[in-house]
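Enquirer: Build me a model from this:
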Amino acid sequence: MQEVKIGRIYKHFKGDYYVVEGFATYSETEEECVIYRSLYDDGKMWVRPLSLFLSEVDHKKYPNIKEKYRFTLQDIKSVR
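Expert: Below you'll find the model as predicted:
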């Protein structure tokens, strides 16, 4: 199973980039959630259940998408 890393950048299968800020527990179900911030526009924060963050793309709904997973960890190197 994939591991989500705080402070790292992930690419959504539709193309935008996000940084994971942390984790939270949903009070009603105690489901673990990922808190992440967009790296575009106003830097809006989002929350999504960990299981959905790590899920595979629904290729029936999005047949032209090549990525396997909804979010993919990016390996971004320093320019120095």
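Enquirer: Next, find the distance separating the residue nearest the centre of the chain from residue 55.
Expert: When C-alpha atoms, centre = their mean is applied to the chain, the residue found nearest the centroid is residue 71 (4.4 Å). Taking C-beta to C-beta, to the nearest Å as the criterion, residue 71 is separated from residue 55 by 9 Å. (Glycine included, C-beta is placed from N, CA and C.)
Enquirer: quick revisit: which one is the residue nearest to the centre of the chain nearest to, not counting chain neighbours?
Expert: residue 10 (4.2 Å; C-beta to C-beta, 6 or more residues apart in numbering).
Enquirer: same thing with residue 45?
Expert: residue 37 (5.0 Å).
Enquirer: That neighbour reaches residue 17, doesn't it?
Expert: No: if you go by C-beta atoms under 8 Å, residue 37 and residue 17 don't touch, sitting 10.0 Å apart.
Enquirer: next helix or strand past the lengthiest strand in the chain?
Expert: For the chain, the longest strand by residue count, based on DSSP state E, is strand 17-25. Using DSSP states H and E, the helix or strand that follows strand 17-25 in sequence is strand 32-38.
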